[in-house]
Structure formats: structure tokens, C-alpha cells
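S.K.: Quick one: sequence plus predicted model below, questions after.
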Amino acid sequence: MLAKRIIPCLDVRNGKVVKGVNFEGIKEVGDPVAFAEEYNRQGADELVFYDITASAEGRGLILDVVRETAKRVFVPLCVGGGIATIDDFRDTLRAGADKVSVNSQALNNPDLIIEAAKIFGSQCVVVGIDAKRDGIGGYTVYKNGGRVDMKIELGKWVEEIERWGAGEICLNSMDADGTRNGFDKEMLNYVCSKVNIPVIASGGAGRLSDFSEVLEETGASAALAASLFHFGELTVREVKEDLKKSGITVRV
Amino acid sequence: MIAIIDYGAGNLFSVRNALNYLGLENIITSDKEEIIKAKRLILPGVGAFGDAMDKLNNSGLAETVKAEAVKKPFLGICLGMQLLFEKSCEFGEHEGLGLIKGSVKLMKPEGNLAVPQMGWNSLEYNKECFLLNGIDEGQYVYFVHSYAADCSGDYVYAYADYGGKVPALVGNGGTVYGAQFHPEKSGEAGLEILRRFGEL
């Protein structure tokens, strides 16, 4: 039986780790390769580097981070942020990433998902989604880091990207993100009811029990968190040991 | 020296990174002489069976690989493991290297599980294997695949349970080994398997 995964996410800007709170007020805090190694020691099942570099000059730096990490950390690596073309996919995979995550660009250009799945295989195509309650009982999808409401219904979007060949969904609830009140189980269950591909829960982790709750009460295959791990409030090991105690299959 | 065989079917650098990390001398090569000279061989692979076999056949590497694999420790990884069998039904029927009896088929897991199997699954031992010595049964390793080997249990050192028994580590009882999972992406357990391969 497949183990449920715990995935620390490292937000990287200009080759350094940062953490955004509700996408605002970002501050710089350290060396991503060192963080990756530490998370690996703690038992992370996968690592996500999310590149928030804005400038064109800084863009190559994430590839150096991936290259260095891939020499020292032997679990799957996923890279997201600013991936816009098939060449970006190729460069990122060549640097040592196993998966590439696309978000806004998938909304701008759905062909990117289709082509990438065809050329590199669905297993490396992760679609990141920022979604939010629309106030009338549904959810809509946002782009550009949650700044632009695409007015696309979430259920329709996830069905489409699965059909196009996405291999996995990383679902970030903008309602839950930064609140530390737990993952958005309602939104996750909604998405899991629409697709068969694995769904990663993202946004809202604040306490140890949030992880066992989301993995027990939704169909999510994995849970992702950034700041909680980043500031050492919880270690990946603590989370996984707690999951094991709750009877959830994990790699420990 | 371990030769990582380069026949144009990707992900060679992850394997190389892992070997470098373990201090195991290695070379990425498509040169027959290098393959013949090497002490150990690794056949990686990502992609489709037919396409990979075409590449091996067209470059003339298939014959060299077949001949050398039975002379020295040989490890196929993921698609490289599947190529060891006689044939595959991925997009039509294709002949494999035929180093292990059996075929490769699309997985049909019970319980409506997703294909591909993607993620960490645990190893259930079936037969004693040098590569698994010192590794506790139940260790998790990383899988990404849609097709799986269909072969006699005589060739299976370890299975993984994914809506049925999936051959995870196989071999011909001699020098030929194949891992359906990615040891180079399987944390400490995977590194240990590669370390032991370097000791064969």
C-alpha cells in the first residue's frame, strides 16, 4: 500500500529561502540546499522548491539550487514557479527535478500541460491550484499568486487538467492559507471526488493534528507545509510519527 | 567502475548523483568498449518500452548488453528492469532483452487504485537477495510506473503490494538484477541497495 506523503515546501527567491505569509510580506531566511538536507534527515518524502524570483536575471539560480540538492538528497524533488515553456520543463528536469509544477501558466496556456505530459510523462506534471470560496457555495480558481480570479469553477478545472494529462494536483486553499486553522478538508474532498490523480493538500497547517485529520478525513495523498517546518515549530519526523500513531501508512 | 548505460532514455544523472554520493566510481557511456571494460553495469530508463528497445537495437547496444549482463553484476532500473524480460505489451508487442523469463503488462490493480503507481511503497521479501541483506523488510522505496513484470516468483526477490503483488526487485539468480522502483530516489534504503550493488 502506498504511504501518505509529507512534503515540506521551500519558497526560494534569487536562490535563497523565503516564506510568504498570505503571499505578502516576504522575508529572506536562508540556504535552500541546507534546508533540503535537513528535511531529508527528518524523513521528508518529497521536497518542493517554489521559485518566486521575479527578475529574469535571477531565474537560473533555482536550477543551481536543484542541481546541488540532487547531489545530496535522494528523494523526489519538485520545482514550481515561473515554468512557462517546454524548454523550462526540460531545463528543470535536467537539473535533477523529478516533477515540475505549473500554476498560472497552465491557466494561460493549457497546451503546456498537454505537451509536457506527452513529452516527459504525466508523472512529472504537477498542476498547482490556488482556489477560494466564491461566496455562493462554490470555489473558483485564481492565478498570479492569488491575485487574479479566473472565474473558473474548481471542479471543472481539475477534471480538465486530469484529462489533459496532469499527473498530480497540489491544491492550495486561499481561504485556509496562512490561517493555521488546518487544511481545507471541504475543498479537498470536493476535488478528490472529481479526479483519480493524487491530490496534495496545501495551506492552513498549524498544528500536529491537522496532518492526521486531513489524511484521514479526505482523499489527499500527501500534505504540504512551508512555514511550520521552516521555522522549526514542527519537524517532519514529529508529524510522521504522529501519523503512524494514528494508524496512517507512512514511511518512517 | 560502474558503467551507466546511456541509450537516450533519460534520468541518468540521478543515478550518477547517487553513485557519486556513495563514492562509487562511475561513467555514463554509450560506448561498447567501456561497457565491456566496466566491472558493473546499470541500465536506467524512463519512457516507453518499444521506443527504448528500438534505441538499444538501433545503436547495436542490445547485443553488448545481453552478452555483458551475464558476465558481471547488472542492475536494470524502472524501465531498465522491464527491458530485462522477454516481451512487453506496452503500445503493441515488443521483444525485450530476454534475460529473465516473463513479460511486462499494464497494471490492473484491484480496488480501483490509480495507474501509474506513484509514490512510496514497502518491500515484501520473497527470496533471499544480497542487495537486500541488512535492510529490514517493510522498508519503503519510490515507485513511478504503469506497467509491471509478470513472471514466476522464482525470479522475484521482493514484491510491493499495490492492489495485488507487483514484482519490485527481480533477478535471474545470477548476475542480473532489476528494480522496478528507483533506488536513486528511495532515500537511505535505496542508497543501501546501490551500495550493496557496488559490493557484488
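M.R.: It's in. On a predicted model such as this, the values are computed, not experimentally measured, just so you know.
S.K.: Going along the chain, name the helices of the chain.
M.R.: Unless you meant another one, I'm taking chain A. A:32-42, A:61-72, A:86-94, A:104-108, A:111-120, A:154-164, A:185-192, A:208-217, A:227-230, A:236-245 (DSSP state H).
S.K.: Sorry, I should have been clearer: chain B.
M.R.: According to DSSP H, the helices that chain B contains are B:12-21, B:32-37, B:49-58, B:61-69, B:79-82, B:187-197.
S.K.: need the ones you listed in a markdown table with mean pLDDT, mean neighbour count and distance to chain A, can you?
M.R.: Backbone N, C-alpha and C define where each C-beta goes, glycine included. Output for the helices of chain B, formatted as a markdown table (pLDDT from 0 to 100; neighbours: other C-beta atoms under 10 Å in any protein chain shown; distance: least, C-beta to the nearest C-beta, whole Å):
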| stretch | mean pLDDT | mean neighbour count | distance to chain A |
| --- | --- | --- | --- |
| helix B:12-21 | 95 | 21 | 5 |
| helix B:32-37 | 98 | 15 | 22 |
| helix B:49-58 | 92 | 18 | 12 |
| helix B:61-69 | 97 | 18 | 22 |
| helix B:79-82 | 96 | 28 | 11 |
| helix B:187-197 | 97 | 21 | 5 |
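S.K.: Compare those helices and give me the one nearest residue A:200.
M.R.: Of all those, it is helix B:187-197 that lies closest to residue A:200, at 18.8 Å by C-beta to C-beta.
S.K.: Can you say which of the helices of chain A is nearest to residue B:57?
M.R.: Closest among these, using C-beta to C-beta: helix A:111-120, at 22.5 Å.
S.K.: Which residue is it, in chain A, that comes closest to chain B?
M.R.: Closest contact between chain A and chain B, by C-beta to the nearest C-beta, is at residue A:251 (3.7 Å).
S.K.: Run a quick neighbour tally on residue B:173.
M.R.: Per other C-beta atoms under 10 Å in any protein chain shown, the neighbour tally for residue B:173 reads 10.
S.K.: again with the one 5 residues further on
M.R.: Number of residues near residue B:178 (other C-beta under 10 Å) recorded here: 28.
S.K.: Could you report the separation of it from chain A?
M.R.: Residue B:178 sits 19 Å away from chain A, going by C-beta to the nearest C-beta, to the nearest Å.
S.K.: ok, now which ones touch the nearest residue to that residue once chain neighbours are set aside?
M.R.: Leaving aside its chain neighbours, residue B:178 sits nearest to residue B:81 (3.2 Å; criterion: C-beta to C-beta, 6 or more residues apart in numbering or on different chains). Counting by C-beta atoms under 8 Å, 6 or more residues apart in numbering or on different chains, residue B:81 touches B:149, B:170, B:178, B:179, B:180.
S.K.: re earlier: of all the helices of chain B, which one is nearest residue A:236?
M.R.: Smallest distance to residue A:236 across those (C-beta to C-beta): 12.1 Å, for helix B:187-197.
S.K.: so what does that closest one touch, helix or strand wise?
M.R.: helix B:12-21, strand B:140-145 (3 or more C-beta pairs under 8 Å, 6 or more residues apart in numbering or on different chains; DSSP states H and E).
S.K.: which residues touch it?
M.R.: A:40, A:74-75, A:251, B:18-19, B:21-22, B:24, B:40, B:42, B:73, B:75, B:130-135, B:139-142, B:169, B:177, B:179, B:181-184, B:186.
S.K.: Quick one: name the residues of chain B near chain A.
M.R.: Counting by C-beta under 8 Å from any C-beta of the partner chain, the positions of chain B adjacent to chain A are B:13-14, B:17-18, B:20-21, B:46-47, B:114, B:116-122, B:140, B:142, B:144, B:161-162, B:184-187, B:190-191.
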